[in-house]
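S.K.: sequence and predicted structure, then a few things I'm wondering about:
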Amino acid sequence: DGGITQSPKYLFRKEGQNVTLSCEQNLNHDAMYWYRQDPGQGLRLIYYSQIVNDFQKGDIAEGYSVSREKKESFPLTVTSAQKNPTAFYLCASSIESSGSQETQYFGPGTRLLVL
Amino acid sequence: AQKITQTQPGMFVQEKEAVTLDCTYDTSDQSYGLFWYKQPSSGEMIFLIYQGSYDEQNATEGRYSLNFQKARKSANLVISASQLGDSAMYFCAMREPWYGQNFVFGPGTRLSVLP
């Protein structure tokens, strides 16, 4: 079945530690996205990538880093510079097109908690 | 300025009744797409319905329909015959081609279906 997988489902971070959230898709989508969601809030864009080896900062990129070495994979690293990382992280992908009609498909999310 | 506004933080509806979730948007672009997503307590975002800015007919998908009023810049979601499983957060989103193909999400509306 085609879809997006995220791992782990829950992740615990210690003070000063970097952690990496995995996102893999087998939908053959060019574009991939990372969002952060705080309790009771909407989604805020962290980073996005429209093509392999290229990515752009979103609205809240500080304290995060990404890579896009393969079309299928878009891992997100939460660095020690991110002082308030506790949140729900959603990865998404979509077809890259010149129009605006293509929806995003989301993974199941990773819940990050700080110890 | 908010690009997507959802003025109802929470809504209640009786089972089997219809409910309308409001969404207004702000754009100067002529070409854009509007989307509604459902987020149950599990956290995964589920795509419900899409409306293109040039579509003359309101979109429908099963029990979901979109009341699109372009001049008023509103795209309200109508859920007919509500079911207990419809209880969730609902997000309105917009995609503009010039904005790097990115999606902008509203703050969401929490819908509770009462038995």
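M.R.: On my side now, so go ahead. Numbering: from 1, shown residues only, chains lettered A, B, ... in the order given.
S.K.: contacts and neighbour counts: CA atoms only from here.
M.R.: Noted.
S.K.: look up which helix or strand the residue most central in space within chain A falls in, please.
M.R.: The residue lying closest to the centre of chain A (Cα atoms, centre = their mean) is A:W34, at 2.6 Å. Using DSSP states H and E, A:W34 falls within strand A:31-37.
S.K.: which other residues reach that strand?
M.R.: A:43-51, A:74, A:76, A:87-96 (Cα atoms under 8 Å, 6 or more residues apart in numbering or on different chains).
S.K.: can you do 7 Å?
M.R.: Contact partners of strand A:31-37, identified using Cα atoms under 7 Å, 6 or more residues apart in numbering or on different chains, comprise A:43-51, A:74, A:87-96.
S.K.: of those, list those near chain B.
M.R.: A:L43 (Cα under 7 Å from any Cα of the partner chain).
S.K.: so which of the contacts of strand A:31-37 sit within strands?
M.R.: In strands, judged by DSSP state E, the following of the contacts of strand A:31-37 are found: A:43-51, A:87-94.
S.K.: contacts only, for the closest residue to B:L34 other than its chain neighbours.
M.R.: Once flanking residues are discounted, B:L34 sits nearest to B:M94: 4.5 Å by Cα to Cα, 6 or more residues apart in numbering or on different chains. In this structure, B:M94 makes contact with B:Y32, B:G33, B:L34, B:F35, B:F103, B:V104, B:F105, judged by Cα under 7 Å, 6+ apart.
S.K.: and the first one, what's its pLDDT?
M.R.: Turning to B:Y32, the model gives it a pLDDT of 89.
S.K.: my guess is it contacts B:R95. True?
M.R.: Yes. B:Y32 is in contact with B:R95 according to Cα atoms under 7 Å; the separation is 5.7 Å.
S.K.: which intervals of chain A have sub-threshold pLDDT?
M.R.: A:1, A:97-100 (pLDDT under 70).
S.K.: ok, what's across the strand from A:L21?
M.R.: Counting by DSSP bridges, A:L21 is bridged to A:L76.
S.K.: burial of it, as a residue count?
M.R.: A:L21 has 23 neighbours, counted by other Cα atoms under 10 Å in any protein chain shown.
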